[in-house]
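>>> Everything below, folded, please.
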Amino acid sequence: MTSATAAGLDIPALETAYRSRQARIAVIGLGYVGLPLVLALAGAGFPVTGFDIDPAKVEALNSGRSYIRQIADDRVAAAVATGRFQATADPAGFKACDAVIICVPTPLSPQREPDLSFVEASTRLVRDRLRPGQLVVLESTTWPGTTEEVMRPILEEAGLASGRDFFLAYSPEREDPGNITFTTSTIPKVVGGDGEAARTLAVALYEQVVPQVVAMSSTRAAEATKLTENIFRSVNIALVNELKVVFEPMGIDIWEVIEAAKTKPFGFMPFYPGPGLGGHCIPIDPFYLTWKAREYQISTRFIELAGEVNTMMPRHVVDRLAQALDRRCGLGLSRARLLLVGMAYKKNVDDSRESPGLRLMEMLLERGAAVEYHDPYIPVLPVTREHAALAGRTSVAWRPAVLAGFDAAVIVTDHDGVDYQSLAAHCPLIVDTRNAMRGVEGYANRIVKA
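Take a look at the predicted model:
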């Protein structure tokens, strides 16, 4: 790849290298965002180096094995076999790459403040190997200003200047694990650059991979776009969660109401209630903006209220369960044996990050209940920062004799393929937070919606 001329960097030559797919790309972080991106880049014809600090992931990928359920082994094996993809735990290879894309977690601290430690550590890895002409792109969700205010100063410690010696951009990930309709290669990409040249190069790269690239005026605007998308979902989910709580004592089924409302061909978009928010985006991302807004002495009351409503949903489910056990079974929670159905944060995925099921299990255990779970996608609960005590618990078998041994079941995640008819036939009480029992017949007296 041509990287410079006597007058400085040759931007048209750099752009041509991306458009001809000759540029070598590095992706840092090979999780639910980074690995699909690697496969999309390799599938588009780019040579790709994937970096991860976990040697087990590196070994699996180089052997053609996937550790993410939604990504089949044969996709990884095909990318490796073509020679276009190799995984490594050695950051030395960054220097040979023309673009480095960072896809690492951006969690919250225990005080619900942004934790950019993974972004900062990855940026320092790049800084120590930064060379003229490289494009550095952040895909992790974060507050507006992160790319310019956090990443750029770290990278410029190498003695190179953004926009003159290297190029810095932001393009938020839009992954939706479990969605078989939209994939990395079919979802439009938002791109903002630290200067016109950075935007031009980032657009040239992503245009080879996705059907549409939306070029933004700045990295801040691109960062704000991702937050807006997720805040929109958080607020609307909070709205239907609150409506659920309001309608329940009125004897109105929120699910029936939503199905009727969505027949209107304009002015309404259906969102659905649940036991709380989960995943790596919706429960976390809004707080990135509320934190940044305080710098400008702005109160984000609407966003924070939505967060409060959604955070209270597990407690609402526990209250509904306790009430149903008392009225229908004459049992208190402290004497009940309970089954949580589904521990993934959404249906048909093997990801339990921020799952409301984890919070529900903790709350029920605190109330003295004996609690087990079944999830066909999560055989063992992993170690998590906030729910470490639950790690190692295993999914129980889905057999009539096992189901009949519980006093009640709570449907937390509505996985497809679960035999809900069998659950109704053998478990005396079912608290349904996802409307998963809508197709079950003959056991309406056992089902309580929450």
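
>>> so who does Gly195 touch?
162-163, 167 (CB atoms under 8 Å, 6 or more residues apart in numbering). (Each C-beta comes from the backbone N, C-alpha and C, glycine too.)

>>> swap in Leu305?
The neighbourhood of Leu305, defined by CB under 8 Å, 6+ apart, consists of Ala238.

>>> same question for whichever strand or helix holds it, mean pLDDT?
Assigned by DSSP states H and E, Leu305 belongs to helix 301-311. For helix 301-311, mean pLDDT is 94.

>>> Okay, buried residues for the helix or strand following it please.
As assigned by DSSP H and E, the chain's next helix or strand after helix 301-311 is helix 313-324. For helix 313-324, a neighbour-count test (16 or more other CB atoms under 10 Å) marks 313-314, 316-318, 320-322, 324 as buried.

>>> what are the pairing partners of the next helix-or-strand element following helix 313-324, and which direction each?
Later in the chain than helix 313-324, the nearest helix or strand by DSSP H and E is strand 337-341. Sheet pairing for strand 337-341, assigned by DSSP bridges, gives strand 370-374 (parallel), strand 408-411 (parallel).

>>> quick one: stretch 152-159 to chain centroid distance?
With CA atoms, centre = their mean, to the nearest Å as the basis, stretch 152-159 stands 29 Å off its chain's centre.

>>> Got the domain ranges for this structure?
Per automatic domain parsing, the structural domains of the chain span 11-217, 227-309, 313-449.

>>> what's the average pLDDT for the longest one?
For domain 11-217, the mean pLDDT works out to 96.

>>> most centrally placed residue in the protein?
His280 (3.7 Å; CA atoms, centre = their mean).

>>> Mind telling me what element that residue is part of?
Using DSSP H and E, His280 is not contained in any helix or strand.

>>> Can you mark which positions in the longest helix along the chain are buried?
Counting by DSSP state H, the longest helix found in the chain is helix 219-247. For helix 219-247, the neighbour count (16+ other CB under 10 Å) marks 219-220, 222-227, 229-231, 233-235, 237-238, 240-245, 247 as buried.

>>> so what secondary structure elements neighbour the helix or strand just after that helix?
Sequence-wise, the next helix or strand downstream of helix 219-247 (DSSP H and E) is helix 254-261. If you count contacts as 3 or more CB pairs under 8 Å, 6 or more residues apart in numbering; DSSP states H and E, helix 254-261 packs onto helix 219-247.

>>> in the chain, which spans are strands?
Under the criterion DSSP state E, the chain contains strands at 25-28, 48-51, 85-88, 99-102, 135-138, 167-170, 189-193, 213-215, 337-341, 370-374, 408-411, 430-432, 447-449.

>>> Output those as TSV; include the columns mean neighbour count and distance to Pro114.
TSV is the format used below for the strands of the chain (neighbours: other CB atoms under 10 Å; distance: least, CB to CB, whole Å):
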stretch	mean neighbour count	distance to Pro114
strand 25-28	28	19
strand 48-51	25	23
strand 85-88	21	28
strand 99-102	26	15
strand 135-138	27	13
strand 167-170	28	15
strand 189-193	26	19
strand 213-215	17	25
strand 337-341	23	30
strand 370-374	20	31
strand 408-411	26	32
strand 430-432	25	35
strand 447-449	20	36
